[in-house]
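Q: Task: produce atomic coordinates for the following.
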Amino acid sequence: MKAAAKSRTVALLGDDAVTKLENSCVAVVGLGGVGGHVVEMLARAGVGKLVLIDCDEVEESNLNRQIIATTATLGMPKAEAAKKRVLEINPLADVVALNARFCAADAEKLICEEVDYIADCIDSIQDKVSLVCFAKERGIPVISACGAGNRSALCDFEICDVYKTQYDPLARKLRSLLKKAGVRKLDVCYTKELPQKTAGVASVPYNPAACGIKMGGYIVLALINRIHIGKNKTENV
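A: Residues are numbered from 1 along each chain as shown. I've put the predicted structure just below:
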């Protein structure tokens, strides 16, 4: 990222932290309402390399909440739309756009060895579990998004261990499957606001965005060691 564009970030985080971000690689899996905002935060923070993974195309129904969805990107693969947006923010970024669905069988092909952090923004519960297990096996820090849909109240999203979550049906299912898989800890972003009963999956613009922004900020701080992300890291905020 050019000097003028990162000047305000440098003023708060310092040159060393911004350099660390520029040398970091983050994979974002799932580029919808939550994932798109994770990407936005990482791009504007100056993360040097992003691996963006999603198999869907931008549809009209995405316009109400997905930051990559505009009338100009309708029909475009979400991974390509996200890449285009990142490069419009930071032309110096290295962006890998993969128009693919994450699954256990293709994990090695999709997640490169240099990835420093993974943002799980997948809808499919089984694919979420596969991604988390893959990350844990390789020692890659990962954070997962829980439910942001079917909630119209202005939600407070928090980050905690999935085993400490309350009221979130998706987190409950995730806990059960991870326990069976032998995963004992996972950072998640979730809200205690109960989902409403609707005919299908419904959403408003602000809650997926709030979840994604929280996750993106958490990853930025983790990459520069400003929060605790493991037994070998020092917590200093």
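Q: Could you give the average pLDDT over the lengthiest helix in the chain?
A: In the chain, assigned by DSSP state H, the helix with the most residues is helix 206-223. The average pLDDT for helix 206-223 rounds to 98.
Q: Count the residues that sit near Asp15.
A: 9 (other CB atoms under 10 Å). From N, CA and C alone the C-beta is placed, and that goes for glycine too.
Q: Does the residue nearest the centre of the chain belong to a helix, a strand or coil?
A: Nearest to the mean C-alpha position of the chain, by CA atoms, centre = their mean, lies Ala119 at 3.5 Å. Secondary structure, DSSP: H, G, I helix; E, B strand; the rest coil: Ala119 is strand.
Q: Next up, the contacts around it.
A: Going by CB atoms under 8 Å, 6 or more residues apart in numbering, Ala119 touches 26-29, 35, 38, 142-143, 145, 215-216, 219.
Q: dump the residue contacts of Gly200.
A: Here Gly200 is in contact with no residue (CB under 8 Å, 6+ apart).
Q: A strand includes it, no?
A: No: under the criterion used here (three-state DSSP), Gly200 is coil, not part of a strand.
Q: before we move on, the earlier item: what about the residue nearest to the centre of the chain, distance to Leu110?
A: To Leu110, Ala119 is 14 Å away according to CB to CB, to the nearest Å.
Q: what does Gly48 give?
A: Gly48 is 19 Å from Leu110, by CB to CB.
Q: Neighbour-wise, which one of the contacts of Ala119 leads?
A: Val38 (33 neighbours).
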